[in-house]
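Asker: Kindly generate the corresponding structure for this input.
(chains A and B)
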Protein chains: 2
Amino acid sequence: MSSIASMSKEELTLRLAECREKYAAYKAQHLALDMSRGKPGPDQLDISLEVLNCVNARDGFLAGNVDTRNYGILDGTAEAKALFADILGVPADTVIVGGNSSLNMMFDYITQGMVSGICGGKPWITCEQRKFLCPVPGYDRHFAITQRYGFEMIPVPMTEAGPDMDEVERLVQDPAVKGIWCVPMYSNPDGITYSDDTVRRFANLKPAAADFRILWDNAYCVHHLTDTPDTLLNLYNEALKAGNEDLVIQFTSTSKISFPGAGVAAMAASPKNVADIKARMTIQTIGHDKVNMLRHTRYFKNAEGVHAHMKRHAAILRPKFNIVTNTLEARLGQSGIARWHKPNGGYFVSVQLLEGTAAETVRLLKEAGVVLTPAGATYPYGRDPYDRTLRIAPSYPSQEELQTAMDLFCVCAELAALTKLLAK
Amino acid sequence: MSSIASMSKEELTLRLAECREKYAAYKAQHLALDMSRGKPGPDQLDISLEVLNCVNARDGFLAGNVDTRNYGILDGTAEAKALFADILGVPADTVIVGGNSSLNMMFDYITQGMVSGICGGKPWITCEQRKFLCPVPGYDRHFAITQRYGFEMIPVPMTEAGPDMDEVERLVQDPAVKGIWCVPMYSNPDGITYSDDTVRRFANLKPAAADFRILWDNAYCVHHLTDTPDTLLNLYNEALKAGNEDLVIQFTSTSKISFPGAGVAAMAASPKNVADIKARMTIQTIGHDKVNMLRHTRYFKNAEGVHAHMKRHAAILRPKFNIVTNTLEARLGQSGIARWHKPNGGYFVSVQLLEGTAAETVRLLKEAGVVLTPAGATYPYGRDPYDRTLRIAPSYPSQEELQTAMDLFCVCAELAALTKLLAK
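Answerer: Prediction:
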């Protein structure tokens, strides 16, 4: 469509009628598609099958001299620590390897802050006005953790370079602000990678609270879609230079490298933080699943092995992302009712629609059989004050399904926009 | 040795000299043995190899219609829930399947109590005088959790029928008492199974605190050593009869069925408790490792499959337990300085020595190269007020090593006892 701003009321009305007709035709198809979560498609799962086969009686169960089947090794096998250190670009002794979920490691860390305090600080639960910074749009599961624990979540707008650092630097002067959620590379949902300047400003942050932490969820650190990937400055190295390394808690996992349900998660942090975290873990568990660590270290070996493997994921995902952005461009590119960032990696495209039309667009899609992440989900408390941001997750549907869903998405977005404009 | 009570000072002195000579001979052997933890031996790990092989590309990855490799299913596959329900004798919808560690599920549950409260109750952290009942001797890792969270741990003596229920019933009248740790079958470390009467009294407990919970760690529910196993009354059924089902939180795992490092853990509780726990879990994780659940459900199928498998463990463990109890009987049976329960299952034998000699016995063993669980470990805060209880874990050493270690154990126990008696 052409720019809405240039259209007369009559043209808009005509266009609305056309849209309604198209929409009715889609409804008649009785679609059943899901673009709600960043879930790899079945074809992606199949490229990692060898991960499941490489631990067996023939090749044994030793990681170094550790029988991975038995008890022990609180923070992961040396091989698994080395693999994640290689991926994150940090020393191996800063790494703690966990179970199958980095989200669980984040939950446990925030929980530890709440009930035991961080590095000798007071339990956050005793800080009645506790606050957490939430770049928006962001990841709903991050926000759900700090919501459960009664933090006041303060939205910080995302820019093309990452969170608005003027805002972050201003807000951390409040000692009640205990941390910030970050997805620094191919951010969820915008697909933006933080600029070098943003990373340096994070590394040099001077928060008022000694127990303030940057929760650096590097979920998509190797999840490139193109041969010209984004690059992310190494926050831990920058923080070390600034003598600020205790500020940083990093997370990543193989959920979208091997298997979402059966991967390995890890965190990395300064020696002081690692000691603090391990003091909790030694009470919490005897150790995580080392056989699964062995599967991953045997198969991937090192970061290079991971990068090679990720190219196979990219080959599957790239066409899907192209369907999303090409369709948006072709159908809504000139309309003035939608903006988006074309990401070089990650799992999402986030679309900024006309204010006040995101929820209606989701409702229309749902009525026609396509499930999207709920409008508002990328904001704390599920409330998008502008009702305009939607997250598209293209990985799970087939290309054909995705094309249909995206065509319909554009129809619904336009329908919602025209209806709103004409109601004025 | 004959009864110490019947010996003259001269006989004791002579005996002590003999013991010292034997001890010196052992020291000269430079042993290096570990009887400290209930860790299966390598031969036990080998009998479960097929668990690791039964999930592969040929047989697929579906549990029902769920691709276990992908995200989803918060509380475990239907198959895994059914398996644990069968093992525990509870309805499948009371089961939550977790990761590789039931200890972690217990830690998470107590943590949830601390920070969020149980079923709408106040967070336990706000109860400054919070208390927890600890049957003694008991499991050090249980006690470590409640110690970390600042509970006053109140010891309750174990009897041959389980915890002293008069004491339990008296103590739960205090609303600050929030729970009790129980290992009801083949208890750690005594190897005692709670009597039917004890289970019924637990089921009918009327604690003052609405958020009091029985943490029923049924770790050894299928871990029989003999063909005449103990039987444990079903607490959940008894609690249902009493309208008291919200009192019970059960735990178990396959750690000592398949692999300690790579098994599957589960908990079971009333619908009200399950809803409370899942409300936390839905924030904590997208789901635990379903591929590993599939390995276990494919291999074991049901409780019958587990029972058949456990007979293979018993065949390996029974001779080891016989070495422990036969050696104790032969060397110390008439001495009057040691008492123990000969267990029909589980992983431990606990020995009551002469008061004030447990720590010295451990010290002597260590000096001769044999590591035992520290004296006191089976008591809250690691303090055995009588310094008399030691826990023997026979599973890991070979039979030959175990025989040597037990011979030495008896020498050390006697040496410590004679030294103490003669010092009076």
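Asker: got the CA positions of whichever strand or helix holds residue A:361 in CSV?
Answerer: Assigned by DSSP states H and E, residue A:361 belongs to helix A:358-367. Output in CSV follows, covering the C-alpha atoms of helix A:358-367 (Å, rounded to 0.1, in the frame of the first residue of the first chain):
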residue,chain,number,x,y,z
ALA,A,358,-1.0,-4.0,18.1
ALA,A,359,-3.6,-5.7,20.2
GLU,A,360,-6.3,-5.4,17.5
THR,A,361,-3.8,-6.9,14.9
VAL,A,362,-3.1,-9.9,17.2
ARG,A,363,-6.9,-10.3,17.8
LEU,A,364,-7.6,-10.3,14.0
LEU,A,365,-4.8,-12.8,13.4
LYS,A,366,-6.0,-15.1,16.2
GLU,A,367,-9.6,-15.0,14.8
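Asker: these two touch, right, residue A:285 and residue B:105?
Answerer: No - between residue A:285 and residue B:105 there is no contact under CB atoms under 8 Å: 9.7 Å. To be clear about C-beta, it is placed using only N, CA and C from the backbone, and glycine gets the same treatment.
Asker: quick one on the thing from earlier: output the contacting helices and strands for the helix holding residue A:361.
Answerer: strand A:370-372, strand A:389-392, helix A:399-423 (3 or more CB pairs under 8 Å, 6 or more residues apart in numbering or on different chains; DSSP states H and E).
Asker: and the shortest one, what other elements does it pack with?
Answerer: The elements that strand A:370-372 packs onto, with contact taken as 3+ CB pairs under 8 Å, 6+ apart, are strand A:33-35, helix A:358-367, strand A:389-392, helix A:399-423.
Asker: what angle sits between the longest one and helix A:358-367?
Answerer: Here helix A:399-423 runs at 130 degrees with respect to helix A:358-367, directions being taken by axes from the mean of the first three to the mean of the last three CA atoms, to 10 degrees.
Asker: in helix A:399-423, what counts as buried?
Answerer: A:401-421 (16 or more other CB atoms under 10 Å in any protein chain shown).
Asker: ok, back up a step: list the buried residues for the helix holding residue A:361?
Answerer: A:358-362, A:364-365.
Asker: In chain A, which strand is the longest?
Answerer: strand A:152-159 (DSSP state E).
Asker: Identify the residues contacting the following helix or strand past that one?
Answerer: Per DSSP H and E, the first helix or strand lying C-terminal to strand A:152-159 is strand A:162-163. Applying CB atoms under 8 Å, 6 or more residues apart in numbering or on different chains, the contact partners of strand A:162-163 are A:133, A:135, A:156-157, A:180, A:182, A:184, A:187, A:192-195, A:198-199.
Asker: Which single one of those is nearest to residue A:2?
Answerer: Using CB to CB, residue A:192 is the member of the contacts of strand A:162-163 that lies nearest residue A:2, at 28.3 Å.
Asker: The closest one contacts residue A:158, doesn't it?
Answerer: Yes - counting by CB under 8 Å, residue A:158 is a contact partner of residue A:192 at 6.4 Å.
Asker: Those two: which has the busier surroundings?
Answerer: residue A:192 (26 against 23; other CB atoms under 10 Å in any protein chain shown).
Asker: and that one, what helix or strand is that in?
Answerer: Going by DSSP H and E, residue A:192 is not in any helix or strand.
Asker: Which pLDDT value goes with it?
Answerer: Note on residue A:192: pLDDT of 97.
Asker: Could you report the separation of it from residue A:84?
Answerer: Using CB to CB, to the nearest Å, residue A:192 is found at 24 Å from residue A:84.
Asker: ok, back up a step: out of the contacts of strand A:162-163, which end up buried?
Answerer: Buried among these (16+ other CB under 10 Å): A:133, A:135, A:156, A:180, A:182, A:184, A:187, A:192-195, A:198-199.
Asker: Just give me the closest of these to residue A:225.
Answerer: residue A:193 (12.0 Å).
Asker: count of neighbours near the closest residue in space to the closest one that isn't next to it in sequence?
Answerer: In this structure, residue A:193 finds its nearest non-sequential neighbour in residue A:230, 3.7 Å apart by CB to CB, 6 or more residues apart in numbering or on different chains. The burial count assigned to residue A:230 is 20, neighbours taken as other CB under 10 Å.
Asker: same thing with residue A:59?
Answerer: 11.
Asker: residues contacting it?
Answerer: Contacts of residue A:59 (CB under 8 Å, 6+ apart): residue A:298.
Asker: shouldn't residue A:169 be in contact with residue A:200?
Answerer: No - Residue A:169 is beyond contact range of residue A:200, at 12.0 Å (criterion: CB under 8 Å).
Asker: Look at these two and report which has more neighbours.
Answerer: Counted by other CB under 10 Å, residue A:169 and residue A:200 do not tie: residue A:200 has more neighbours, with 18 against 15.
Asker: Against residue A:95, how distant is the more buried one?
Answerer: To residue A:95, residue A:200 is 23 Å away according to CB to CB.
Asker: same thing with residue A:61?
Answerer: Residue A:61 is 22 Å from residue A:95, by CB to CB.
Asker: who's more crowded, these two?
Answerer: residue A:95 (26 against 23).
Asker: how far away is the nearest residue to the more buried one once chain neighbours are set aside from chain B?
Answerer: Using CB to CB, 6+ apart and skipping residues adjacent in sequence, the residue nearest residue A:95 is residue A:81, 4.3 Å away. Distance of residue A:81 to chain B, given as CB to the nearest CB, to the nearest Å: 16 Å.
Asker: which SS state does residue A:81 fall under?
Answerer: Classification of residue A:81 using DSSP: H, G, I helix; E, B strand; the rest coil returns helix.
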